[in-house]
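Undergrad: pasted the sequence and its predicted model underneath.
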Amino acid sequence: MAVTRKPVVEVRRSQRRRRTVSAYRDGERVVVLIPDQFSRAEESEWVDRMLARLAAREGRLARSDAELLARARRLIGSYLPEYGSAAVPASVRWVTNQNGRWGSCTPADRTIRISHRIQDMPDWVIDYVLLHELTHLIVPSHNAEFWALVARYPRSERARGYLEGVAATAAIP
Ligand SMILES: [Zn+2]
């Protein structure tokens, strides 16, 4: 479940704006630009509308394959830096047909698939599953070298425990 936090909103009024409203994220804040002539009621209505629009846009982005690739590059930079492009997959995508697996990797064509069932899990769990599959591009089997690389991610064990817990719960009839 995604945690919904109400962001800090900064409203900027502009005399040059006539009708257009725009919003963007600036760190933890959301800046909403409105025309100077807006009433307080219009301001609050538009702030709500722009926050909803921003959340929808970010929600789509968060679940996209493009975001997975960006996440992969970030993980490689942090945990597998010496492998560089050798750890970058040819493709990485969300799939709905992973029977009983959280992710899978085909080293021969360098493709990675991540189960949609982890989409709503915490970021640190998604990071673990993805890093696990990225590491298979370097070491295909689950040997000592593989686990040593995966252990570079500080929350590896915690994430494995989390996933085992979910699997065990799901198995209860
Ligand atoms: Zn594996």
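TA: Arrived safely, thanks for sending. Residues are numbered from 1 along each chain as shown.
Undergrad: same for whichever strand or helix holds Ala55, what does it pack against?
TA: Using DSSP states H and E, Ala55 sits in helix 40-62. Other helices and strands packing on helix 40-62, by 3 or more Cβ pairs under 8 Å, 6 or more residues apart in numbering; DSSP states H and E, are strand 8-14, strand 22-26, strand 29-35. Yep, even glycine has a C-beta here, placed from its N, CA and C like the rest.
Undergrad: I'd like the next helix or strand past it.
TA: helix 65-79.
Undergrad: which elements pack onto the following helix or strand past that following helix?
TA: Heading C-terminal from helix 65-79, the first helix or strand you meet, by DSSP H and E, is strand 91-95. Counting contacts by 3+ Cβ pairs under 8 Å, 6+ apart, strand 91-95 packs against helix 65-79, strand 111-115.
Undergrad: what comes up buried for the longest one?
TA: Spelled out, it's helix 65-79. Residues of helix 65-79 classed as buried: Glu67, Leu68, Leu69, Arg71, Ala72, Arg73, Leu75, Ile76, Tyr79 (neighbour count, 16 or more other Cβ atoms under 10 Å).
Undergrad: for the chain, what helix or strand is lowest in average pLDDT?
TA: The helix or strand of the chain with the poorest confidence is helix 40-62; it has a mean of 83 (mean pLDDT, DSSP states H and E).
Undergrad: so, low pLDDT: which residues of this structure?
TA: Applying pLDDT under 70 to the chain flags the ranges 1-6, 59-62, 171-173.
Undergrad: the residue sitting furthest away from the middle of the chain and Tyr128: what is the separation?
TA: Distance from the C-alpha centroid of the chain peaks at Gln37, with 38.3 Å (Cα atoms, centre = their mean). Note on Gln37: its distance to Tyr128, by Cβ to Cβ, to the nearest Å, is 51 Å.
Undergrad: over to Leu149?
TA: Taken as Cβ to Cβ, the span from Leu149 to Tyr128 is 13 Å.
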